[in-house]
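>>> Sequence and predicted structure below; questions after.
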Amino acid sequence: MELLVRHKQGIVNAYLDDTKRIMKQKRLFRTGIVAAIIVALCGRYSLAQTPQFLSLEEAINLALENNRDLKMTQLQLDNADAQVDEALGNAYPTLDLNARYTRNIKRPVFFFPDEDDIVRPIEIGSKNAVSADLTLQQVIFNSAVFTGVGTSKVYAQISRQQLRAQTADVVLNVKKGYYTALLAREVLRVNEALLTNAEANYKDTKALFEAGLRAEFDAIRAEVAVENQRPLVVEAQNNYEAALDVLKLLLGYDNITQVQLELRESLARPESLASTDPELDVAVSVMLENNPQLEALGLSTAVNEELISINRSEYLPTVALFGTYKYEAQADNFRDLAFQPTAFAGLNLTLNLYNGGKTAAKVGQSQIAYDQSRYQTAQVAAALKTQLESTLRQIDYARKRISASDRTIEQAERAYKIATTTYKAGTGTQLQINDADLALAQARLNQLSALYDYNVAKADLESLLGNHIILNNDNAEYRSR
């Protein structure tokens with residue numbers, strides 16, 4: 001009995017380990033008395049609330065709506081779009097208006113030699129000077145400007161792929177949190193079934209003892225089995241509540257104590273126990289095409305390649321067209337101001353001849369960054385391929401375990417029925433009932449473990465393939481398949 005208790009506790013704790021890290025502040029009470037009080041309080045509180053029934057699809061949509069990380073990533077996307085507009089602005093013409101008023105407290109002078117060859121200052125201008133001009137400038141050729149426009153657009157695409165990746169992470173975490181809560185709920189039901197069986201066995205054994213057909217030892221042993229099972233039910237209930245609390249946090253609830261969730265679904269079984277998942281080559285092809293992480297890395301590589309061209313453009317000249325239209329006037333009195341227009345236009349060419357080797361150094365750095373991004377993309381692709389192979393194996397292994405557990409449960413149920421029948425007939429023993437009951441519980445827990453592994457592995461596969469997150473212009477949309 002003690003070995004089974006430890007085994008069941010190990011199964012529950014193993015699958016709740018990741019989720020409990022998120023809730024380090026929530027300390028799980030282990031003693032039967034304190035846990036019973038918590039369960040009672042939770043039950044009393046739930047009576048005053050209407051439970052919220054939640055499917056997996058509804059949970060995902062709720063998390064996508066409330067997740068703060070997604071909202072911050074969305075702001076980064078908006079910022080990237082603004083940077084595209086800024087880069088486009090560098091390629092458009094600029095028009096500047098400049099107006100100036102000058103009061104000559106001391107008029108400017110220039111020095112001019114007189115007839116006696118003595119240089120004397122001569123005042124020029126008036127006390128008041130007013131001017132206004134419009135200047136137009138258009139870059140005709142600048143490699144960095146036009147390459148930068150394309151680069152900024154790639155940056156915006158990277159931001160969108162990052163939004164897809166963030167959305168995929170949220171969906172995956174919600175799925176795992178939902179499945180963990182489902183597992184905890186089913187483990188609770190198995191423990192409740194064990195308690196029900198133990199209570200029924202104790203009732204029958206007590207009646208047989210009182211009729212003089214069984215020894216007192218059997219009745220005591222049956223009663224001890226009931227009392228040993230009660231704390232396990234309390235602990236399973238506590239684990240289920242803890243898993244629901246983690247799910248509430250993933251869904252974006254600020255005050256988890258004010259929300260009562262009821263899960264609509266159960267751990268899904270495979271549609272077929274035969275292998276129906278995509279072949280490895282097909283899955284790898286889909287992943288390389290759709291995985292948001294790989295797409296973002298590929299775009300980063302393209303950006304680094306563009307930066308090489310941008311830095312090399314410093315070897316090239318910049319040609320710009322400019323033109324100015326100007327009004328200006330000078331007079332000692334404002335009423336005497338008479339504005340005169342002037343206008344001119346021209347071409348401006350700028351070419352750096354020497355800058356201490358900075359351009360060559362920048363080109364070298366951008367080349368190194370490009371090579372690093374290529375290697376990183378290849379490394380991540382290889383790692384994801386390995387993860388994909390492992391995930392497909394986990395799905396296949398879980399499917400085989402589910403198939404085997406179906407037969408085991410069927411046999412264990414039959415064995416338990418035989419053990420209880422023979423005991424009532426006086427030919428069986430209490431030990432046979434306990435063994436059969438524990439074997440049935442073990443078989444059900446093993447199947448729950450396999451179902452949980454199957455669902456989690458399917459979620460990992462969907463996340464790796466990346467084709468369930470559709471990118472729109474403004475956001476990333478989840479579509480179940």
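Cool, the structure landed.

>>> Mark out where each domain of this structure begins and ends.
2-66+142-316+355-478, 93-141+317-350 (automatic domain parsing).

>>> and the first one, average pLDDT?
Right, domain 2-66+142-316+355-478. Domain 2-66+142-316+355-478 shows a mean pLDDT of 82.

>>> quick one: residue 151 from residue 284, how far?
Using Cβ to Cβ, to the nearest Å, residue 151 is found at 30 Å from residue 284. Bear in mind the C-beta positions are built from the backbone N, C-alpha and C, glycine included.

>>> ditto for residue 121
With Cβ to Cβ as the criterion, residue 121 and residue 284 are 86 Å apart.

>>> where do the strands sit along the chain?
Listed in chain order, the strands of the chain (DSSP state E) span residues 52-54, 94-103, 109-113, 119-123, 128-141, 261-263, 318-331, 340-350, 469-471, 476-478.

>>> Quick one: closest of these to residue 77.
strand 476-478 (9.3 Å; Cβ to Cβ).

>>> ok, and for the closest one, which residues are buried?
476, 478 (16 or more other Cβ atoms under 10 Å).

>>> That strand - contacts with which helices or strands?
helix 56-66, helix 143-210, strand 469-471 (3 or more Cβ pairs under 8 Å, 6 or more residues apart in numbering; DSSP states H and E).

>>> Without its sequence neighbours, what residue ends up closest to residue 165?
residue 292 (4.0 Å; Cβ to Cβ, 6 or more residues apart in numbering).

>>> quick one: contacts for that neighbour?
161, 162, 164, 165, 168, 466, 469 (Cβ atoms under 8 Å, 6 or more residues apart in numbering).

>>> The closest residue in space to the third one that isn't next to it in sequence and residue 129, how far apart?
Spatial nearest neighbour of residue 164, chain neighbours left out: residue 292 (3.7 Å); criterion: Cβ to Cβ, 6+ apart. For residue 292, the distance to residue 129 (Cβ to Cβ) stands at 62 Å.

>>> now do residue 178
On the measure of Cβ to Cβ, residue 178 and residue 129 end up 76 Å apart.

>>> Test my guess that residue 302 contacts residue 155.
No: using Cβ atoms under 8 Å, residue 302 is not in contact with residue 155; the gap is 10.1 Å.

>>> neighbour-wise, which of these two wins?
residue 155 (20 against 17; other Cβ atoms under 10 Å).

>>> quick one: pLDDT of the residue nearest to the more buried one when sequence neighbours are not counted?
Leaving aside its sequence neighbours, residue 155 sits nearest to residue 80 (Cβ to Cβ, 6+ apart; 5.5 Å). For residue 80, the model assigns a pLDDT of 76.

>>> So what's the residue count around residue 80?
Residue 80: 20 neighbours (other Cβ under 10 Å).

>>> do residue 77 as well
19.

>>> same deal with the one 10 residues further on?
Residues near residue 87, counting by other Cβ under 10 Å, number 20.

>>> got the contact list for the residue lying closest to it once chain neighbours are set aside?
Distances taken as Cβ to Cβ, 6+ apart place residue 152 nearest to residue 87, at 3.8 Å, with adjacent residues excluded. When contacts are counted by Cβ under 8 Å, 6+ apart, residue 152 touches 80, 83, 84, 86, 87, 88.

>>> Now, those residues that are in helices?
80, 83, 84, 86, 87, 88 (DSSP state H).

>>> The last one against residue 150, yeah?
No: between residue 88 and residue 150 no contact is recorded; they are 10.5 Å apart, counting by Cβ under 8 Å.

>>> all helices for the stretch 351-481 of the chain, in order.
Here the stretch 351-481 of the chain has its helices, by DSSP state H, counting those that start in this stretch, at 358-424, 430-465.

>>> okay, the angle between the last one and helix 56-66?
Here the directions of helix 430-465 and helix 56-66 differ by 50 degrees (axes from the mean of the first three to the mean of the last three Cα atoms, to 10 degrees).

>>> buried residues in helix 430-465?
430, 432-434, 436-465.

>>> now that helix, how far from the centre of its chain.
28 Å (Cα atoms, centre = their mean, to the nearest Å).

>>> re the thing from before, quick one: closest of the strands of the chain to residue 399.
Smallest distance to residue 399 across these (Cβ to Cβ): 23.1 Å, for strand 261-263.

>>> tally of neighbours for the closest residue to residue 284 other than its chain neighbours?
Leaving aside its sequence neighbours, residue 284 sits nearest to residue 385 (Cβ to Cβ, 6+ apart; 5.7 Å). Residue 385: 16 surrounding residues under other Cβ under 10 Å.

>>> what separates the nearest residue to residue 412 once chain neighbours are set aside from residue 256, distance-wise?
Leaving aside its chain neighbours, residue 412 sits nearest to residue 440 (4.0 Å; criterion: Cβ to Cβ, 6+ apart). Counting by Cβ to Cβ, the gap from residue 440 to residue 256 is 35 Å.

>>> shouldn't residue 475 be in contact with residue 163?
Yes: using Cβ under 8 Å, residue 475 is in contact with residue 163, at 7.0 Å.

>>> what is in contact with these two at once?
residue 74.

>>> Those two - which one has more neighbours?
Each of residue 475 and residue 163 has its neighbours counted (other Cβ under 10 Å); residue 163 has more, 24 against 16.

>>> so who does that one touch?
With Cβ under 8 Å, 6+ apart, residue 163 has these contacts: 70, 73, 74, 76, 77, 471, 475, 476.

>>> do that again at 7 Å, thanks
Residues in contact with residue 163 (Cβ atoms under 7 Å, 6 or more residues apart in numbering) are 73, 74, 77, 475, 476.
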